[in-house]
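Peer 1: Quick one, fold the following:
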Amino acid sequence: MPDVRTPAQIEADIVRRREQLAVTLDEIGIRVHPQTIIGDAKAKVASSVDQTVGRAFVAVNRVVSDVKARFTHEDGAIRLDRVVPVAALATAAVVGMLVASSRKGRG
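Peer 2: Numbering: from 1, shown residues only. Predicted coordinates for the structure are as follows:
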């Protein structure tokens, strides 16, 4: 099947394809430029950090809500029946660590 285009049409196609190729080469040059690569990497890291921080915030918020629900009534009043034993246990633990620490210092 012979090409039925005129020489002017062929020449116009060549010019158009050269321009397209020049644009494509410019785009490739931008993509492989070190600053572009660094910028893309920074953006990916920032996005990953943002997602991680967001998930951590949600997890911490959930834990805080769970702890609050265990130690307070629905009206917000403190549940002494649960707070007092935990406070006593924490106090005993601190006293135990202090005693152990003071024994280590003497030894």
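
Peer 1: Check what pLDDT residue 22 gets.
Peer 2: Listed pLDDT for residue 22 reads 96.

Peer 1: what's the longest helix in this structure?
Peer 2: Counting by DSSP state H, the longest helix found in the chain is helix 34-71.

Peer 1: Give the buried residues for that one.
Peer 2: For helix 34-71, a neighbour-count test (16 or more other C-beta atoms under 10 Å) marks nothing as buried. (C-beta placed from N, C-alpha, C; glycine too.)

Peer 1: Check which helices and strands it is in contact with.
Peer 2: If you count contacts as 3 or more C-beta pairs under 8 Å, 6 or more residues apart in numbering; DSSP states H and E, helix 34-71 packs onto helix 80-106.

Peer 1: could you check the angle helix 34-71 makes with the helix it packs on?
Peer 2: 120 degrees (axes from the mean of the first three to the mean of the last three C-alpha atoms, to 10 degrees).

Peer 1: Work out the gap between helix 80-106 and the centre of the chain.
Peer 2: 37 Å (C-alpha atoms, centre = their mean, to the nearest Å).

Peer 1: Average pLDDT for that helix, rounded please.
Peer 2: Helix 80-106 carries an average pLDDT of 88.
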